[in-house]
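Novice: Here is my input, please return the structure:
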Amino acid sequence: MSASTRRSVSLVAVLALAAASAPALAQRQPPVQRGGPPGEGTPYILVSPFHAPTRELALEAAEELRSRLQSEHSAKDLFVITRSSIESTLRASGYPVDSALSVTDLMELARSLHAEYVVDGTATRGAAGKAVRFATTVLMRTGQQILSQPLPPADGKDAGEAAKLTERSITESLKQIPSYKECLNSLRAGKNDDAAAKARLGIIAYQNAAFSRICLLNAYSSSKTAPPDSIIALATRILAIDSTSLLALANLADAYGAKGETDRQIDAYQRMHVLDPGNQAVTTALITLLGRADPGKALPIIEGMLKGNPGDAGLLRNQWLLLLKVGRFRDAIAAGEALVKADTAAATVDYFQRQLGAAQGDSDNAKIQELASKASQKFPKEVSFPSLLAQTYRKSGQLQQAMQAARRATEADPKDTRAWLLAIVTASDMNQADTALALAKNAAAAGADKQQIEAALLSSLVAPAIKKAQESKERPDWDAALLTTQALDAALPSPASKFYFGLASFQVGYDAIQNASKLGEAKGRDVKESRAKACAEAKVAEEKWANATIAMTSGGGGAYNKDGAASMMNLIQQYGDYIPKMKAAYCTR
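Specialist: Below is the predicted model:
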């Protein structure tokens, strides 16, 4: 435990013991105020050493102000706690008697000495050390709140004159107290309108009344009927008097929020955060608002808080989400990993989806593979993870791994068409047409979209085969295209499969007619063999064109491509009569 911590603990403990004997201690002091000892209901006021550049000035300022208050007020009216009482209590707690206290310690000292009012003062000297300025605030505790009534600065030629001016300000400020207390009583009784009326009387009694305006603000807030503009006007006036009023700032933020003025609401929360950085509720609200309006400004606040709480899962989650929002993907991934380290339950489907989105935004394929693999293992029924893994492997040329991931995706959700499509196109990339066709058949049986599956096969298997044959005009390429289209038609029969099967059949038949014609014209010793080959080609032409005709008509291929089907049928009709003649010429002995 540090020395400062020990001293603070000591203060609280010792002051608690001293509280019981404080009235008796005050009674034993020589009467320095007129009017004799204080009465049972007399308010006490505490003036302890000021904040000042020297201890001498700190003590002098406090003593001058106490003396002035004692001379101007009867002990029955306002009892000024004596210097000796203050110093004996401070010595008992281990505190120096000539140093200013923090507000927290000052209010604890006041509680132990039964002080209703506390003066928190600062004294500074002017040029050549002659003139003196007092800047003072009257503090008062109401419930758990510490209320402040800042006073006008007092400039005097010396501490005595500054104390004289300050005493007048204190006396003026206390004129609001009777009405303020009546306002509090009405608030506690739930009489909000009466409380507001009493508060206004306190403001009349003291123009710059902060206490009474705070009570009026509470009346407005409790009634829940005051319009936002009225609350804004009142809170703004309070802040003009006391810029540190957290209550005024909180009400101001709420009122601006009700009006939808987000920028001003954020400004109010930022001012509260500066005044009370340890207030978790304020910080959370500020981060939420900034996260919606300007995430970049929220991040430094979170980062500052994480320095003191590096394992706070709530802060880590907010940081992660904001980094995602501003597009700092690499940092977001690191923040997300820190989040699930602090809270393993945070590793949900949504978490992995957002992390994968960040990795994609950062174009980090290695991280995509890592995250998708982990997500697939943790959530085996979530098809999106193995699907993404398959896509990433395929893009990087790792086709075997892509196929394995794609098959896991089809197992996770057999009706997911995208998973089947990934498997089919990957099989096509691997030149495994049979595998692609088998996958297509399984996909259709599982309930996947047949049209999409067919379209994938047409683009990945059929279209390349047809294009190659059209460009080369070679019979082997058309034979290969015919086998592919025939297999597609067997697996997934449709007008499209019939058309391309008919097209390949037509082209093979057309090539066979041309070959039969050339072979039939052979002379010499090889004429018999050539005619036999011509006969075989004529029979091929007859078979293929018959298949093409069926495919384009009763098979429905003509419905898929009417113009293409019509052109082929015209040629079949035009040259079809030659086939019987070729058979008669080449297939007889």
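Novice: For the residue nearest the centre of the chain, list the residues it contacts.
Specialist: For the chain, residue 321 is the residue whose C-alpha lies nearest the centre (CA atoms, centre = their mean; 3.4 Å). Residues near residue 321 by CB atoms under 8 Å, 6 or more residues apart in numbering: residue 291. No exception for glycine: its C-beta is placed from N, CA and C like everyone else's.
Novice: what separates it from residue 299, distance-wise?
Specialist: Here residue 321 is placed at a distance of 11 Å from residue 299 (CB to CB, to the nearest Å).
Novice: Residue 175 now?
Specialist: If you go by CB to CB, the gap between residue 175 and residue 299 works out to 48 Å.
Novice: what do you get for residue 88?
Specialist: 51 Å.
Novice: Compare these two and say which is more crowded by neighbours.
Specialist: The residue with more neighbours, out of residue 88 and residue 299, is residue 299; 22 against 15, by other CB atoms under 10 Å.
Novice: Just the residues contacting the helix or strand where the more buried one lies, thanks.
Specialist: According to DSSP states H and E, residue 299 maps onto helix 295-308. With contacts defined as CB under 8 Å, 6+ apart, helix 295-308 is touched by 273, 283, 286-287, 290-291, 312, 315-316, 318-319, 322-323, 325-326.
Novice: What subset of the residues you listed is buried?
Specialist: Taking 16 or more other CB atoms under 10 Å as the criterion, what is buried in the contacts of helix 295-308 is 273, 283, 286-287, 290-291, 312, 315-316, 318-319, 322-323.
Novice: possible to save these as CSV with distance to residue 373, pLDDT and secondary structure?
Specialist: Below are the buried ones among the contacts of helix 295-308 laid out as CSV (distance: CB to CB, whole Å; pLDDT from 0 to 100; DSSP: H, G, I helix; E, B strand; the rest coil):
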residue, distance to residue 373, pLDDT, secondary structure
273, 41, 89, helix
283, 37, 85, helix
286, 38, 87, helix
287, 33, 86, helix
290, 35, 86, helix
291, 31, 84, helix
312, 29, 88, coil
315, 29, 88, helix
316, 23, 93, helix
318, 28, 89, helix
319, 25, 92, helix
322, 27, 92, helix
323, 23, 94, helix
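Novice: What is the nearest of those to residue 34?
Specialist: Among the buried ones among the contacts of helix 295-308, residue 273 lies closest to residue 34 (CB to CB), at 48.0 Å.
Novice: Contacts only, for the closest one.
Specialist: Going by CB under 8 Å, 6+ apart, the list of residues near residue 273 reads 279, 282, 283, 286, 301.
Novice: give me that answer again for 7 Å
Specialist: Applying CB atoms under 7 Å, 6 or more residues apart in numbering, we find residue 273 in contact with 282, 283, 286, 301.
Novice: My read is that the third one contacts residue 271, right?
Specialist: No: with contacts defined as CB atoms under 7 Å, residue 286 does not count as touching residue 271, sitting 9.9 Å away.
Novice: helices and strands of this structure: which one bottoms out on pLDDT?
Specialist: helix 3-28 (a mean of 38; mean pLDDT, DSSP states H and E).
Novice: and whichever helix or strand comes after it, what does it pack onto?
Specialist: Remark: after helix 3-28, the chain's next helix or strand is strand 44-47, criterion DSSP H and E. Contact here means 3 or more CB pairs under 7 Å, 6 or more residues apart in numbering; DSSP states H and E; on that basis strand 44-47 packs against helix 55-72, strand 79-80, strand 117-125.
Novice: Residues contacting strand 44-47, please?
Specialist: 62, 65-66, 69, 78-81, 109-110, 113-119.
Novice: May I see the buried residues of stretch 82-99?
Specialist: 82, 83, 85, 86, 87, 89, 90, 92, 93, 95, 97.
Novice: Remind me which helix or strand the closest residue to the last one other than its chain neighbours belongs to.
Specialist: Leaving aside its sequence neighbours, residue 97 sits nearest to residue 87 (CB to CB, 6 or more residues apart in numbering; 4.2 Å). Under the criterion DSSP H and E, the helix or strand holding residue 87 is helix 83-93.
Novice: Just want the angle from that helix to helix 55-72.
Specialist: On the basis of axes from the mean of the first three to the mean of the last three CA atoms, to 10 degrees, helix 83-93 is oriented at 130 degrees to helix 55-72.
Novice: Test my guess that residue 482 contacts residue 508.
Specialist: Yes: using CB under 7 Å, residue 482 makes contact with residue 508 at a distance of 5.6 Å.
Novice: Buried ones among the contacts of strand 44-47?
Specialist: Judged by 16+ other CB under 10 Å, buried ones among these: 62, 65-66, 69, 78-81, 109-110, 113-115, 117-119.
Novice: ok, those vs residue 135, which is closest?
Specialist: The closest of these to residue 135 turns out to be residue 119 (CB to CB; 11.0 Å).
Novice: I figured the closest one hits residue 138, correct?
Specialist: Yes: using CB under 7 Å, residue 119 is in contact with residue 138, at 6.1 Å.
Novice: Can you name the residues in contact with stretch 454-473?
Specialist: Contacts of stretch 454-473 (CB under 7 Å, 6+ apart): 421, 424-425, 428, 433, 436, 440, 477-478, 480-481, 484-485, 488, 492, 494, 496, 500, 507.
Novice: Give me the subset of the residues you listed lying in helices.
Specialist: 421, 424-425, 428, 433, 436, 440, 477-478, 480-481, 484-485, 488, 496, 500, 507 (DSSP state H).
Novice: Doesn't residue 401 belong to a helix?
Specialist: Yes: checked against DSSP: H, G, I helix; E, B strand; the rest coil, residue 401 lies within a helix.
Novice: Give the closest residue to it in space, chain neighbours not counted.
Specialist: Residue 401 sits nearest to residue 393 (CB to CB, 6+ apart), 4.3 Å away.
Novice: Count the residues that sit near that neighbour.
Specialist: Residue 393: 24 surrounding residues under other CB under 10 Å.
Novice: if I look at it, how far off is residue 362?
Specialist: 18 Å.
Novice: export the buried residues of stretch 82-99 to TSV and tack on distance to residue 405 and pLDDT?
Specialist: As requested, the buried residues of stretch 82-99 are exported to TSV (distance: CB to CB, whole Å; pLDDT from 0 to 100):
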residue	distance to residue 405	pLDDT
82	84	94
83	82	94
85	80	93
86	77	94
87	79	93
89	75	91
90	73	90
92	75	87
93	70	80
95	70	84
97	76	87
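Novice: between the residues you listed, which is nearest residue 212?
Specialist: residue 86 (28.7 Å).
Novice: unless I'm mixing things up, the closest one is touching residue 48, no?
Specialist: Yes: judged on CB under 7 Å, residue 86 makes contact with residue 48 at a distance of 5.7 Å.
Novice: Overlap in contacts, these two.
Specialist: With CB under 7 Å, 6+ apart, residue 86 and residue 48 have no common neighbours.
Novice: Read off the pLDDT value for the residue nearest to residue 401.
Specialist: With respect to pLDDT, residue 393 scores 94.
Novice: Confirm it sits in a helix?
Specialist: Yes: per three-state DSSP, residue 393 lies within a helix segment.
Novice: dump the residue contacts of it.
Specialist: 401, 402, 405.
Novice: and what of residue 195?
Specialist: Contacts of residue 195 by CB under 7 Å, 6+ apart are 183, 186, 187, 215, 219.
Novice: Now which of those residues would you call buried?
Specialist: 183, 186, 187, 215, 219.
Novice: Wait, the second one touches residue 194, no?
Specialist: Yes: at 4.3 Å, residue 186 and residue 194 qualify as touching, with contact defined as CB under 7 Å.
Novice: All set, thanks.
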